[in-house]
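Q: below are the sequence and a predicted model for it; my questions follow.
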Amino acid sequence: MDYSALRRAGGTRSLGTSPTFEKIQRLQGFDGSVTIATPHEVDAAVAAGGQELFRGFEEDRYVDAFLAGPVRPGGGTTGSGTYASPLEHVALHYTDPARTQDLATRQARVVRMALRLDAKKITLRALESERHRTRMQVDRELRAVRNIANPTAEDTARYAALLDKELTIADIGQYGALRGWDAIDGSDTWSNREWAVLNPTALLIQR
C-alpha cells in the first residue's frame, strides 16, 4: 500500500470527515450502492445469523441521503466508519438527544439494517491487538531510519512513507478497512454496543 498516496487524498473532494478513509473504501470496493430490502428480507437475514443494527438520524433529510447513497462516513470512538447499534433504543436516542420530538417522529428516523451473513466482522479488541503489533513494527522501522547517521534520499523517502503509514493506521477504522474488514464489533467494549460499519455495501437496509 502506498500510504503517502493515501495521505495525499486529503486534497480531494470528500463526503465525510476523512478523505483518506473514503479513498480506502474506493480501493476496497466498499463505496458501492446500498441495498434496500423489505422487512421480510431483513428478518430472514437476521434469522440466518446476520447482525441486526439500528441507526438514528436527527433529520429526515439525513435518512433520505443515507438511503439514496453513497453513504457519508463519519468518525467516532472506533475511528472512521458508519456507526450503528444492535440496540434500537440507542439509535432512537440519536434521533433527538434533547427529546423535543414526539415518539412517532423519532421512530421514523431510525433505520433498521442487517449485515449480510458473509460480511467480514472483527471485534474491536481483536483489531486493536492486531493494530498494536503493526504500530510497534512501524515504530521500530522509524527508529532504525531515524538513527542512520548520513541518510540518503532513499532513506528520507522511506522515513516519510513510514510516517504516512503511522498517521493512516492511527485511525482504527482506516486500519480495519485496509485489512478488508466490513465491520468492527465494539459491543464488548462500549456500553451502547456500537459497531462501525466500514463497508456499507455489506448492509441490507430495511425500507
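A: All right, it came through fine. All of these numbers come straight from a predicted model, not from anything done at the bench. Residues are numbered from 1 along each chain as shown.

Q: switch to C-alpha atoms for all contacts and neighbour counts from now on
A: Noted.

Q: give the contact list for residue 180.
A: 28, 120 (Cα atoms under 8 Å, 6 or more residues apart in numbering).

Q: again with the one 10 residues further on
A: Residues in contact with residue 190, defined by Cα under 8 Å, 6+ apart, are absent; none qualify.

Q: part of a helix, is residue 31?
A: No - judged by DSSP: H, G, I helix; E, B strand; the rest coil, residue 31 forms no part of a helix; its state is coil.

Q: would you check that it makes contact with residue 198?
A: No - using Cα atoms under 8 Å, residue 31 is not in contact with residue 198; the gap is 9.5 Å.

Q: what bits of the protein have low per-residue confidence?
A: Along the chain, segments meeting pLDDT under 70 span 9-17.

Q: and the strands in the chain?
A: For the chain, applying DSSP state E gives strands covering 35-37, 52-56, 82-84, 110-115, 121-123, 183-185, 195-197, 203-206.

Q: kindly present those as JSON lines, with separate columns for mean neighbour count and distance to residue 145.
A: Shown next, in JSON lines, are these (neighbours: other Cα atoms under 10 Å; distance: least, Cα to Cα, whole Å):
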{"stretch": "strand 35-37", "mean neighbour count": "16", "distance to residue 145": "47"}
{"stretch": "strand 52-56", "mean neighbour count": "24", "distance to residue 145": "45"}
{"stretch": "strand 82-84", "mean neighbour count": "23", "distance to residue 145": "37"}
{"stretch": "strand 110-115", "mean neighbour count": "24", "distance to residue 145": "43"}
{"stretch": "strand 121-123", "mean neighbour count": "17", "distance to residue 145": "33"}
{"stretch": "strand 183-185", "mean neighbour count": "26", "distance to residue 145": "33"}
{"stretch": "strand 195-197", "mean neighbour count": "26", "distance to residue 145": "35"}
{"stretch": "strand 203-206", "mean neighbour count": "23", "distance to residue 145": "43"}
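
Q: count of residues packed around residue 143?
A: Residue 143: 12 surrounding residues under other Cα atoms under 10 Å.

Q: helices of this structure, start to end?
A: Assigned by DSSP state H, the helices in the chain fall at 3-7, 19-28, 39-47, 60-68, 88-95, 103-108, 124-146, 153-169, 172-178.

Q: mind giving me the packing neighbours of the longest one?
A: Read it as helix 124-146. helix 153-169, helix 172-178 (3 or more Cα pairs under 8 Å, 6 or more residues apart in numbering; DSSP states H and E).

Q: do that again at 10 Å, thanks
A: Applying 3 or more Cα pairs under 10 Å, 6 or more residues apart in numbering; DSSP states H and E, one finds that helix 124-146 contacts helix 153-169, helix 172-178, strand 183-185.
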